[in-house]
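Peer 1: Return a 3D structure for these sequence lines:
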Amino acid sequence: MIKHIFKYFTVWIALAASVPGQSTPPLTWIDSDTGHRVVQLSSEPGSLSLYFNLNPFTPDGRKMVITTPDGISLIDLQTHALEKIVTGHPRVIMVGHKTGEIYYISSKNENDATSRSVCAIDPNTKAVREIMKLSRGQSVSTVNADETLLGGTVTERTDWETPDRFDDASSKTNDIQSAKVQRGNKGQMMEDRLAKHYPMSLFFYHIATGETKIVNRCTDWLGHLQFSPTDPDLLMFCHEGPWHKVDRIWTIHTDGSALKLIHQRTMVMEIAGHEFWSADGKTIWYDLQTPRGEDFWVAGCEVSSGARTWYHLQRDEWSVHFNVSPDHTLFSGDGGDDKMVAHADNGKWLYLFRPELLNDQSAGNIETKNLIQTGVFHAEKLVNMGKHDYALEPNAMFSPDMKWLIFRSNMSGANHAYAVELKKADAP
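Peer 2: Residues are numbered from 1 along each chain as shown. Here you go, the predicted model:
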């Protein structure tokens, strides 16, 4: 009974929002094109869910971090209650997999200079601790699985008065007009930054002792650091730049050993990127195009064995970011517009993908051990993103209970965090 009442209530809200003169957008509605229920999670315009590969969830799966115009808030995923945790203008790093502490970078103006520190806050007690002060050129973007190490980069430059116009994706602006400018200039920004060849290194900071270890000194542009969610000594990172000009996806151990390229291209203009871990830390998944803008895959590499799996998808199904469910049975895509690499005619959707591996019919006549296992995605549309401006990337991710896909959007005119229910609204 309660379920049916809620169903009619949500439909009533959606209809009320369409009445002429009604300016308040609905907080929940049934997408008329897909039949899936969408809920606005945030209350403050300018709020955003996190970048697609940053962990926003507490270890019990009950709460999720979002950013707001003046800080960091927690959302209870059951009640949708919001709680302000940090005020100011911090940059979220991630939520710790072990303790649930929220790691972030705090900036302060002191004596006409800006100081930056890595801090952590306990969301239950609200106790804050400063972990390390960042020097100029240092950036921290990940915390390892047992929360003993911070991972970051050090950039050595002599031209600090002319800062780069392109920064790591996790710190992109919340303002849609700035995002449009950034998007329009991004290609040239990346070309310019790659050509700089600033000396860079990876570093690991031991939280308990304060010891810093520097590894992988180079002049490549390093970014998108992601510790394995299960192995505290394994880091994935990328060589940033135009994807067709770099070998992007790498792993390395925290002692500096075992530097490994995850994907080796086999053709001119082949690209791979927007990499992310499976929840069990066994597989690295990524967007693969063979070649760029023509043939589309979500590819996986099993870290321990090197075994490869590629799932094929259609042009309109290509997405800015893909993701995988906690139990590895489903994938998601956040779509894209006609200005992006796929130039899709009808790509502005949130997608749920059900993977299917193709049957091996070789009957043992060929050796398949070292071959790529291929499959296809069967797509279901979850949300019509026709009103969304893809200058803001949706960055979809599965909720821990796999009942929702969480994303960010400006479909209402302001940036907000949303969730769409994977089960259709009228499904039993």
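Peer 1: Looks to me like Met190 is in a helix.
Peer 2: Yes. Inclusion of Met190 in a helix is indicated when DSSP: H, G, I helix; E, B strand; the rest coil is applied.
Peer 1: Near it, how many other residues are there?
Peer 2: 20 (other CB atoms under 10 Å). Yep, even glycine has a C-beta here, placed from its N, CA and C like the rest.
Peer 1: Please report the distance of it from Gly273.
Peer 2: Using CB to CB, to the nearest Å, we find Met190 at a distance of 12 Å from Gly273.
Peer 1: Lys133 bridge partners, please.
Peer 2: Ser117 (DSSP bridges).
Peer 1: I'd like the distance between it and Ile105.
Peer 2: For Lys133 relative to Ile105 (CB to CB), the value is 11 Å.
Peer 1: what's the overlap in contacts for those two?
Peer 2: Arg116, Ser117 (CB atoms under 8 Å, 6 or more residues apart in numbering).
Peer 1: out of those two, which sits in the more crowded spot?
Peer 2: Neighbour totals were compared for Lys133 and Ile105, and Ile105 leads with 18 against 10 (other CB under 10 Å).
Peer 1: Who are the contact partners of that one?
Peer 2: Taking CB under 8 Å, 6+ apart, we find Ile105 in contact with Pro90, Arg91, Ile93, Arg116, Ser117, Val118, Cys119, Leu134, Val140.
Peer 1: Looking at those residues, which is nearest Lys403?
Peer 2: Relative to Lys403, the closest of these is Ile93; by CB to CB it sits at 26.4 Å.
Peer 1: Give me the phi and psi angles of the nearest residue to that closest one once chain neighbours are set aside.
Peer 2: Once flanking residues are discounted, Ile93 sits nearest to Tyr103: 4.1 Å by CB to CB, 6 or more residues apart in numbering. Here the main-chain torsion angles of Tyr103 (degrees, to the nearest 10) amount to phi -100, psi 140.
Peer 1: Next: His244.
Peer 2: Here His244 shows phi and psi, under degrees, to the nearest 10, equal to phi -80, psi 0.
Peer 1: Pretty sure it sits against Met269.
Peer 2: Yes. Counting by CB atoms under 8 Å, Met269 is a contact partner of His244 at 5.2 Å.
Peer 1: higher neighbour count, the two?
Peer 2: Each of His244 and Met269 has its neighbours counted (other CB under 10 Å); His244 has more, 16 against 13.
Peer 1: which ones are touching that one?
Peer 2: Met269, Glu270, Ile271, Arg292.
Peer 1: Can you show me the helices along the stretch 151-300 of the chain?
Peer 2: For the stretch 151-300 of the chain, the helices defined by DSSP state H, counting those that start in this stretch cover 176-196.
Peer 1: where are the low-confidence patches of it?
Peer 2: In the predicted model, the stretch 151-300 of the chain carries pLDDT under 70 at residues 161-184.
Peer 1: residues of stretch 268-284 that come out buried?
Peer 2: For stretch 268-284, the neighbour count (16 or more other CB atoms under 10 Å) marks 270-279, 281-284 as buried.
Peer 1: of all these, which two lie farthest apart?
Peer 2: Maximum pairwise distance in those, criterion CB to CB, is 27.5 Å, between Glu270 and Ala279.
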